[in-house]
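Asker: Task: produce atomic coordinates for the following.
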Amino acid sequence: MGVILEYKGINKNFGEKQILKDINLQIDSGKIVGLLGKNGSGKSTLFKLANDLLTPSSGEIFIDGRTVSAKTKAMVSYLPERTYLDPSLKVVDAINLFADFYEDFDREKAEKLLADLQLEKDMRLSKMSKGMKEKVQLVLVMSRRAKIYILDEPLGGVDPASRDYILQTILKNFDKESTLLISTHMIADIEKILDDVVFIDDGKIILHENVDKLRKKEKGTIDEIFRRTFYVG
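Answerer: Prediction:
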């Protein structure tokens, strides 16, 4: 297996404000890891740094032993928190765009997932609800054969009935040698698929633990442990 993603001494400032503070974190390949923290704790910044969308103020990030750069972007399939697709596109246009842009994009898989999620290829994104758009983006991201999948709040606008199905879709389409990093506020929904969990608070990693060991040690669910850590302690 081995380490697929490593943050070494990462600090990130936006002007006078320090968002990340001396982050040292190693993520092993083949793991599904939850990155959990309150709003503004630095989760999205960590994700953007791994996808070369931001540059650290100091420190280094490695993917599969290589310094993060334009070249490592090809290894990462990234679902940002906010919709980025042009709303005038039809779903089929978005598929064509991804197929042209990413060599590892599997069009057949994308079309199967769209059918499973009952999304019509000829529908324009502008006519879709927030939840439907998020499903389309998730389909596009999970249809790549990447080494790392980074999903930032993938369940935010999705109705409760669809959440379990989407989590099963993620699991079924996730290569066991790849790594999945997921951040969400819906911890109770995702904790059943997690191998490891990382808690981040005020730009600092405060916990990185195997989920089963943590549950046993703290005698509770990850959701309960999160609430005790951030809202009670």
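Asker: Extract the CA atoms of the helix-or-strand element of the chain with minimal mean pLDDT and return them as CSV.
Answerer: Least confident helix or strand, the chain: helix 160-172 with a mean of 79, by mean pLDDT, DSSP states H and E. Coordinates of the C-alpha atoms in helix 160-172 are reproduced here as CSV (Å, rounded to 0.1, in the frame of the first residue of the first chain):
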residue,chain,number,x,y,z
PRO,A,160,-31.9,12.0,2.4
ALA,A,161,-33.4,9.2,0.2
SER,A,162,-30.6,9.6,-2.3
ARG,A,163,-27.7,9.7,0.2
ASP,A,164,-27.4,6.0,0.9
TYR,A,165,-27.6,5.2,-2.9
ILE,A,166,-24.9,7.8,-3.6
LEU,A,167,-22.6,6.4,-0.9
GLN,A,168,-23.1,2.9,-2.4
THR,A,169,-22.4,4.4,-5.9
ILE,A,170,-19.2,5.9,-4.5
LEU,A,171,-18.2,2.6,-3.0
LYS,A,172,-19.0,0.5,-6.0
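Asker: chain center to it: distance?
Answerer: From the chain centre to the centre of helix 160-172 is a distance of 14 Å (Cα atoms, centre = their mean, to the nearest Å).
Asker: That helix: what's the following helix or strand?
Answerer: Using DSSP states H and E, the helix or strand that follows helix 160-172 in sequence is strand 179-183.
Asker: can I get the CA coordinates of that following strand in CSV?
Answerer: What follows is strand 179-183, C-alpha atoms only, in CSV (Å, rounded to 0.1, in the frame of the first residue of the first chain):
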residue,chain,number,x,y,z
THR,A,179,-7.8,6.7,-2.1
LEU,A,180,-10.9,8.6,-1.3
LEU,A,181,-10.9,11.7,0.8
ILE,A,182,-14.3,13.0,1.8
SER,A,183,-15.4,16.0,3.9
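Asker: And the average pLDDT for that strand is what?
Answerer: Averaged across strand 179-183, pLDDT comes to 95.
Asker: That one vs helix 160-172, what angle?
Answerer: Going by axes from the mean of the first three to the mean of the last three Cα atoms, to 10 degrees, strand 179-183 is angled at 160 degrees with respect to helix 160-172.
Asker: Does anything pack onto strand 179-183? Which helices or strands?
Answerer: Contacts defined by 3 or more Cβ pairs under 8 Å, 6 or more residues apart in numbering; DSSP states H and E place strand 179-183 against strand 3-14, strand 17-28, strand 32-36, helix 43-50, strand 148-152. For the C-beta atoms, the positions are set from N, CA and C on the backbone; glycine is no exception.
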